[in-house]
Each structure stands twice: as structure tokens, then as C-alpha cells.
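# need coordinates for the below:
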Amino acid sequence: MVHSWQVQQHTSASIETVWSILVDAPRWNEWGRFKVAKYEREGSPDIHGVGAIRVFGQPPMLSREEVVAFEPQTHFAYKMLSGMPIDGYRADVHLTTTPTGTEITWKSSFVTARPNFTGKFFAWFLRKFIEDTAKRLAKRAESPK
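Residues are numbered from 1 along each chain as shown. You can find the predicted model right below:
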């Protein structure tokens with residue numbers, strides 16, 4: 001069974017500002033809901049780019065994600081390597097310039113072998129978490145430090 005959703009959030013910040021905050025994983029603990037936000041491995045040629053492995057969470061619960069798409073100021077994607085009892089999680093974040101700022105579109109999905117409570121719970125939990133993260137990203141972009 002495929003679980004998927006899309007979250008949209010608008011910010012008055014420029015696309016350049018949103019992008020710089022979105023891709024800088026080690027600083028996510030400044031605005032996200034993480035105590036740990038770091039790289040296990042940097043990407044190449046950009047440290048935030050393809051191949052980077054990011055670690056996020058609240059110890060002892062940490063998730064590991066690998067950056068799989070890095071198209072500056074338009075598209076950022078990652079897949080989960082470990083940290084939750086789900087398979088095939090992938091998120092794609094698209095940024096679009098609007099007349100009043102930037103539109104953030106965060107699409108996520110994962111697959112379960114069959115319908116079950118665990119899949120439904122994690123779909124609900126991750127959707128709520130991504131909604132909150134997109135709102136926090138937009139707010140931080142409007143008042144970057």
C-alpha cells in the first residue's frame with residue numbers, strides 16, 4: 001500500500017533564502033524540532049547535495065536520510081535510510097517563486113506491504129511532522145539569523 005501526501009506552505013521570503021535554510025542540515029536544530037541535526041557524510045560537490053547523509057532526531061531516536069536530488073533553488077529530495085519502521089520513504093521539496101515570496105511544496109511517500117495500523121499511524125504522524133516543519137521553515141526564512 002502506498003501512503004503519500006503533499007504539504008504546501010507560503011512564505012514572504014525569497015527563494016534564495018528558503019533554499020539556503022532548507023539544505024543546511026546542521027542548522028535544522030535552530031528552527032526544527034531536533035536536538036541532533038548533522039551530517040554523517042557530506043555530499044559532493046556541494047556538501048548539502050547528492051550523497052549527503054543527514055542525521056536528525058531526539059536521542060535515542062535518530063533518523064538517517066540520504067540526499068538524492070539537489071537542483072539549486074528549485075528541488076531538494078531525500079530518502080530515509082533508517083530510523084523508522086517503514087520502507088521506501090522519500091520526500092521531494094519543490095520551491096517556486098511567487099509574486100509575494102516563495103511557495104514550498106513538500107511531497108512525501110512510503111510503501112507498506114499491506115494495509116495495517118502501523119502504516120496508517122506513520123502516514124498520519126509524518127504528515128503532521130512535515131506540516132510543522134514546512135511552517136517552521138517558512139517562519140525561519142522570514143526572519144533568518
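
# CA atoms for contacts and neighbours, from now on please.
Noted.

# the residue lying closest to residue 100 once chain neighbours are set aside: what's it in contact with?
Using Cα to Cα, 6 or more residues apart in numbering and skipping the chain neighbours, the partner closest in space to residue 100 is residue 12 (5.7 Å). Residues counted as contacts of residue 12 (Cα atoms under 8 Å, 6 or more residues apart in numbering) are 100, 101, 102, 138, 142.

# now secondary structure too, for the residues you listed, in JSON lines please.
Shown next, in JSON lines, are the contacts of residue 12 (DSSP: H, G, I helix; E, B strand; the rest coil):
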{"residue": "100", "secondary structure": "coil"}
{"residue": "101", "secondary structure": "strand"}
{"residue": "102", "secondary structure": "strand"}
{"residue": "138", "secondary structure": "helix"}
{"residue": "142", "secondary structure": "helix"}
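
# just put the residues you listed in CSV and tack on distance to residue 33 and neighbour count.
Shown next, in CSV, are these (distance: Cα to Cα, whole Å; neighbours: other Cα atoms under 10 Å):
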residue, distance to residue 33, neighbour count
100, 27, 11
101, 24, 16
102, 22, 23
138, 14, 24
142, 18, 16
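
# between those, which sits nearest residue 54?
residue 138 (20.6 Å; Cα to Cα).

# nearest residue to that closest one in space, please, no chain neighbours.
Using Cα to Cα, 6+ apart and skipping the chain neighbours, the partner closest in space to residue 138 is residue 11 (5.1 Å).

# give me the neighbour count for residue 89.
Close neighbours of residue 89, defined as other Cα atoms under 10 Å, add up to 19.

# quick one: secondary structure of it?
strand.

# ok, the closest residue to it other than its chain neighbours - contacts?
In space, and not counting its chain neighbours, residue 89 is closest to residue 110: 4.2 Å by Cα to Cα, 6+ apart. Contact analysis of residue 110 by Cα under 8 Å, 6+ apart lists 2, 3, 4, 86, 87, 88, 89, 90.
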